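>>> Predicted model, plus sequence, below.
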Amino acid sequence: MPIVRLENPDDERVADYTRLTDVVLRSKHEPSKGLYIAESSTVIRRAIAAGHRPRSFLMAPRWLESLQDLLEEVGAGEHGDIPVYVADEQILSELTGFHLHRGALAAMHRPALAPVSEVVAGARRVVILEDIVDHTNVGAAFRSAAALGVDAVLVTPRCGDPLYRRSVRVSMGTVFQVPWTRIDPWPGGLEELRALGFATAALALTEDAVTLDDVASDPPQRLAWVLGTEGDGLTRGAVEAADMVVRIPMAGGVDSLNVAAAAAVAFWATKV
């Protein structure tokens, strides 16, 4: 595996990493581009363990030793010519647009998304993230899903990208652990889940909502949680299409939780 020393932040060979501010990264590396950026040695290891193929690596010299075993493993495979770009901290900061303090970056090829029926086959608990645009919340929901026994995550067409750099980082790489795909059309896709035997539960505040305690006391054998965006919550169409509406009992005059926190509570209460 070639080690390439960089002396110029404008080197075209590392154009995949150039000035990775959040806005620029999103525009350059959306799914249509076929790439995403994995940040930190932990995330890179989990991505490769999940079968994702690296296009290149980028790191400071001090991280070469800690990643030597992984680089040797990748180099011994059929894609052993993947370059490892190495540069000092100043050049890395100029190149990416931020201080790289989590070890390394890797430009990764995106795997093709599987159909919903394949992703939820054998699942008992799934979650649907509707139009959640804060990538921190997307990543946090994945981390809770992995920790609390959710078998799959489905994201709506307008939901943030789970493989966006911040989502991956916040999830601690669990976006590679929990099977996921996009559910489309939406909310019409709920009919497919219903046909597959799932009861769908919208987490929302409505007058006819049952409490989470009610659902936890007698949970459906197959349950799909539907969680909404940070500001307005679930769309009316999603609420009306769900089999039930569920609310989390609150105290202290609080009417709702952040979507990532609400997800964790719902997952814990109904885990199997």
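Looks like it arrived, so ask away.
>>> okay, now the domains of this protein?
Domains of the chain are assigned by automatic domain parsing as 3-109, 116-269.
>>> Just say which of these is most tucked in.
Among the domains of the chain, domain 116-269 has the highest mean neighbour count (mean count of other C-beta atoms under 10 Å), at a mean of 19. C-beta coordinates here come from the backbone N, C-alpha and C atoms, glycine included.
>>> Give me the distance from it to the chain's centre.
Centroid separation between domain 116-269 and its chain, computed with C-alpha atoms, centre = their mean, to the nearest Å, is 13 Å.
>>> And it, end to end?
End-to-end distance of domain 116-269: 25 Å, with C-alpha to C-alpha, to the nearest Å as the criterion.
>>> re earlier: any idea which of the domains of the chain scores lowest on pLDDT?
Ranked by mean pLDDT, the domains of the chain bottom out at domain 3-109, with a mean of 81.
>>> How far does it sit from its chain's centre?
Counting by C-alpha atoms, centre = their mean, domain 3-109 comes out at 18 Å from the chain centroid.
>>> Thr42 against Arg169, yeah?
No - counting by C-beta atoms under 8 Å, Thr42 stays clear of Arg169, with 9.5 Å between them.
>>> Spatially, what comes nearest to Ala216 if we skip its sequence neighbours?
Leaving out its chain neighbours, the residue that sits closest to Ala216 by C-beta to C-beta, 6 or more residues apart in numbering is Ala269, at 4.3 Å.
>>> I meant to write Leu95 there.
Among residues not flanking Leu95 along the chain, Pro9 sits closest, at 4.2 Å (C-beta to C-beta, 6+ apart).
>>> What residues does the closest residue to Ala50 other than its chain neighbours make contact with?
Setting aside the residues directly before and after it, Ala50 is nearest to Phe176 in space (C-beta to C-beta, 6+ apart), at 3.8 Å. When contacts are counted by C-beta atoms under 8 Å, 6 or more residues apart in numbering, Phe176 touches Arg46, Ala47, Ala49, Ala50, His52.
>>> Kindly indicate which of those residues lies nearest Ala38.
For the contacts of Phe176, the closest approach to Ala38 (C-beta to C-beta) belongs to Ala47, at 4.8 Å.
>>> That closest one is in contact with Ala106, isn't it?
Yes - Ala47 is within contact range of Ala106, at 7.2 Å (criterion: C-beta under 8 Å).
>>> Mutual contacts of the two, please.
Common neighbours of Ala47 and Ala106, counting by C-beta under 8 Å, 6+ apart, are Ala38, Pro54.
>>> The residue nearest to Leu95 reaches Asp88, doesn't it?
No - with contacts counted by C-beta under 8 Å, Pro9 stays clear of Asp88, the gap being 10.5 Å.
>>> And the contacts of the lengthiest helix in the chain?
For the chain, the longest helix by residue count, based on DSSP state H, is helix 135-147. Residues from elsewhere that reach helix 135-147 (C-beta under 8 Å, 6+ apart): 22, 127, 129, 132, 150, 153, 155, 159-162, 164, 166-172, 174-175, 177-178, 180, 227, 230, 258-260, 263-264, 267.
>>> And the next helix or strand past that helix?
Next along the chain after helix 135-147, taking DSSP states H and E as the criterion, comes strand 152-155.
>>> So which elements touch that following strand?
In terms of contacts (3 or more C-beta pairs under 8 Å, 6 or more residues apart in numbering; DSSP states H and E), strand 152-155 is packed against helix 116-119, strand 125-129, helix 135-147, strand 180-182.
>>> Any chance you could list what contacts the first one?
Contact partners of helix 116-119, identified using C-beta under 8 Å, 6+ apart, comprise Ala152, Leu154, Pro179, Trp180, Thr181, Ile183, Gly189, Glu192, Leu193, Leu196.
>>> Could you rerun that using 7 Å?
Ala152, Leu154, Pro179, Trp180, Thr181, Ile183, Gly189, Glu192, Leu196 (C-beta atoms under 7 Å, 6 or more residues apart in numbering).
>>> Likewise for the last one?
By C-beta under 7 Å, 6+ apart, the list of residues contacting strand 180-182 from outside reads Leu113, Ala114, Pro115, Val116, Val119, Ala152, Val153, Leu154, Val155, Pro157, Pro162.
>>> On the three-state scheme, the residue nearest to Val127 when sequence neighbours are not counted is what?
Among residues not flanking Val127 along the chain, Trp225 sits closest, at 4.5 Å (C-beta to C-beta, 6+ apart). Classification of Trp225 using DSSP: H, G, I helix; E, B strand; the rest coil returns strand.
>>> Sweet, I'm off.
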